[in-house]
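**Q** 3D, please:
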Amino acid sequence: MPDPFSDVLRALGTRSVRGTRLEASGAWSLAFDGRSRLKFVAITRGRCWLLLPDHPAEALSQGDVFLLSDTSYTVASDPTIEPVDGMALYAAPGQDVVRLGDGSDTVMMGGGSGFADGCAAFVLEALPPFLRIDCTSPNAEAVARTLASLQAEIGHGEVGASLVAERLAEILVVEAVRAYLATIPSDSVGWIAALADPRIGKALRAMHGDVARRWTVPMLAAEAGMSRSAFTERFANRVGRPPLDYLTNWRMVLAQRKLDGGQSVAAVANAVGYNSQSAFAHAFKRTFGRTPRARR
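**A** Now for the predicted structure:
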């Protein structure tokens, strides 16, 4: 059976961004800006606070893991301490470990997964900006274990390390999304959450399984085993956009990657379901604000 999430990860070129470590003691507070990537942090010793915009302060302890997507955040020994710029501490090349004080109280590991240029939004918009994976969850152990492997690969620089790190980045994304799907309410919106819907999930799998097919709403409704009107309403409520709008958006993201890979505009248009290059170019420009030839 087609697996849309795996399909998306393969197409979007998931890669490891960086592995970092923080060892801290005493009073400290570090602020970090938002990036178009998924950030994973595991608390391996002690405890700390996580502060996010428009969100109550989160108390975290050993074994907890959290996932952040495109949001600024602060980690601190106390939420009342004025933060300093944490980005500056890791700015120097090879500066992947930061120690504050003697570093004995709190230790955390971080890792990131990025995506090909212009593709991150397709994944990030379907995930919450913050997800906590409690230390009692089996998902926390899996994410922390993968983070440790990622940090080891990045730090040791052995043969094949970059390839292994890329694969670990993909695993981190999958583990985090599994944790997300295990905790979300049934009315959550986004294509990732909608994969868990028995009917809408069938339609999504059909679209991803044959992206070039000339899909219509009645055809997709039939895949879901629903009437056209009921399917259209349910799809929009669960995914956050109408069926053909979602399909066009995915086709354009996929087309962008194929163009980056050097394929011709004609070949890409055909691969994502367009007989007409002009119709394809119009849809591409409407999505990204520039023509396919300009992208190449």
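**Q** list the contacts for the residue lying farthest from the centre of the chain?
**A** Residue farthest from the centre of the chain, counting by Cα atoms, centre = their mean, is residue 102 at 34.0 Å. Residues in contact with residue 102 (Cβ atoms under 8 Å, 6 or more residues apart in numbering) are residue 25. C-beta here means a position set from N, CA and C on the backbone, and glycine is covered the same way.
**Q** got it, and residue 122?
**A** So residue 122 contacts 8, 12, 249-250, 253 (Cβ under 8 Å, 6+ apart).
**Q** buried sites along the biggest helix by length in the chain?
**A** Ranked by number of residues, the top helix in the chain under DSSP state H is helix 161-183. Buried residues in helix 161-183, counted by 16 or more other Cβ atoms under 10 Å: 164-166, 168-180.
**Q** Restrict it to CA atoms and write it as PDB.
**A** These are the backbone C-alpha positions of helix 161-183, laid out as PDB (Å, rounded to 0.1, in the frame of the first residue of the first chain):
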ATOM      1  CA  ALA A 161      29.100   9.000   8.300                       C
ATOM      2  CA  SER A 162      27.300  11.600   6.100                       C
ATOM      3  CA  LEU A 163      25.100   8.900   4.500                       C
ATOM      4  CA  VAL A 164      24.300   7.300   7.900                       C
ATOM      5  CA  ALA A 165      23.500  10.700   9.300                       C
ATOM      6  CA  GLU A 166      21.000  11.400   6.500                       C
ATOM      7  CA  ARG A 167      19.200   8.100   7.100                       C
ATOM      8  CA  LEU A 168      19.100   8.800  10.900                       C
ATOM      9  CA  ALA A 169      17.600  12.200  10.100                       C
ATOM     10  CA  GLU A 170      14.800  10.500   8.200                       C
ATOM     11  CA  ILE A 171      14.200   8.100  11.100                       C
ATOM     12  CA  LEU A 172      14.000  11.000  13.500                       C
ATOM     13  CA  VAL A 173      11.300  12.600  11.500                       C
ATOM     14  CA  VAL A 174       9.300   9.300  11.400                       C
ATOM     15  CA  GLU A 175       9.700   8.700  15.100                       C
ATOM     16  CA  ALA A 176       8.500  12.200  15.900                       C
ATOM     17  CA  VAL A 177       5.500  11.900  13.600                       C
ATOM     18  CA  ARG A 178       4.600   8.600  15.100                       C
ATOM     19  CA  ALA A 179       4.600  10.200  18.500                       C
ATOM     20  CA  TYR A 180       2.500  13.000  17.200                       C
ATOM     21  CA  LEU A 181      -0.100  10.700  15.700                       C
ATOM     22  CA  ALA A 182      -0.300   8.700  18.900                       C
ATOM     23  CA  THR A 183      -1.300  11.800  20.900                       C
END
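**Q** tell me what that helix is packed against?
**A** Counting by 3 or more Cβ pairs under 8 Å, 6 or more residues apart in numbering; DSSP states H and E, the packing neighbours recorded for helix 161-183 are helix 4-12, strand 15-24, strand 38-45, strand 65-69, strand 106-114, strand 130-133, helix 138-156, helix 191-194.
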